[in-house]
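Novice: Can you look at this prediction? I've put the sequence above it.
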Amino acid sequence: MRFAAPAVALSLAFATVSSVGYGKRVADDQINPVSMELTKLGIAQSGAGKLTEATDALESALAVDPRNRAAYVELASVAKKQGLPGKAIRMYREALLIEPNDVIALSGQGEALVQKGALNKAKENLARIEKLCVSACPEQTRLAGVIEKGGQTPVVSAQAITPKPAITPGSEKKSD
């Protein structure tokens, strides 16, 4: 009982001192150079068509420094190339959490939304890009074209296709 108050005070002092050492980190606008090198490697591999290797390098870049917006954008681009619009949308969302006004991420996310069939959300992204770009940006023009094409192709759902019943052995009726 006599040592309870000093023990609490001492543990509080240790907790405060130990947290100061972990608080020192590079500034938010500086990305770890190793992460940047891995991002460059991922971009090169994506350009060469090695999508699996590109994904590995980009995910490693994000493990080194999760503030690497370029790695999120490129990883989303690779996911779109692989036909994974859900993953692409998620990666673009992560990039937009870091920089909400990233026109490239907004455009890419809009394209992935069209690929997924969510035209209204893609149009919202286009409206945001139009507000950010004073004159017409290439991203704005590209997204508008993708939305226009996406609106013309019908989205087929599971309910739209009526499955044919399969004939299994033993279910055939014999007619005599």
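Specialist: Sure, I can see it. No experiment lies behind these values; they were computed from the predicted model shown. Numbers count the residues shown, from 1 in each chain.

Novice: which regions of this protein sit below the pLDDT cut-off?
Specialist: Scanning the chain for pLDDT under 70 picks out 1-29, 151-176.

Novice: Which SSE is immediately downstream of the helix or strand containing residue 63?
Specialist: Per DSSP states H and E, residue 63 falls inside helix 51-64. Using DSSP H and E, the next helix or strand after helix 51-64 towards the C-terminus is helix 69-81.

Novice: any idea which helix or strand comes after that following helix?
Specialist: Heading C-terminal from helix 69-81 (DSSP H and E), you reach helix 85-98.

Novice: Kindly spell out which helices and strands sit in contact with that next one.
Specialist: helix 69-81, helix 103-116 (3 or more C-beta pairs under 8 Å, 6 or more residues apart in numbering; DSSP states H and E). Using the backbone N, CA and C atoms, a C-beta is placed for each residue, glycine as well.

Novice: How about residues contacting the last one?
Specialist: Residues lying outside helix 103-116 but in contact with it, judged by C-beta atoms under 8 Å, 6 or more residues apart in numbering, are 69, 72-73, 76-77, 79-80, 85-86, 88-89, 92-93, 95-96, 99, 119, 121-122, 125-126, 128-129, 132-133, 137, 139-140, 142-143, 146-147, 149-150.

Novice: that older thread, run the angle between the helix holding residue 63 and helix 69-81 for me.
Specialist: 150 degrees (axes from the mean of the first three to the mean of the last three C-alpha atoms, to 10 degrees).

Novice: And helix 51-64, what's buried?
Specialist: Across helix 51-64, burial judged by 16 or more other C-beta atoms under 10 Å covers 51, 53, 54, 55, 57, 58, 60, 61, 62, 64.

Novice: All set now, cheers.
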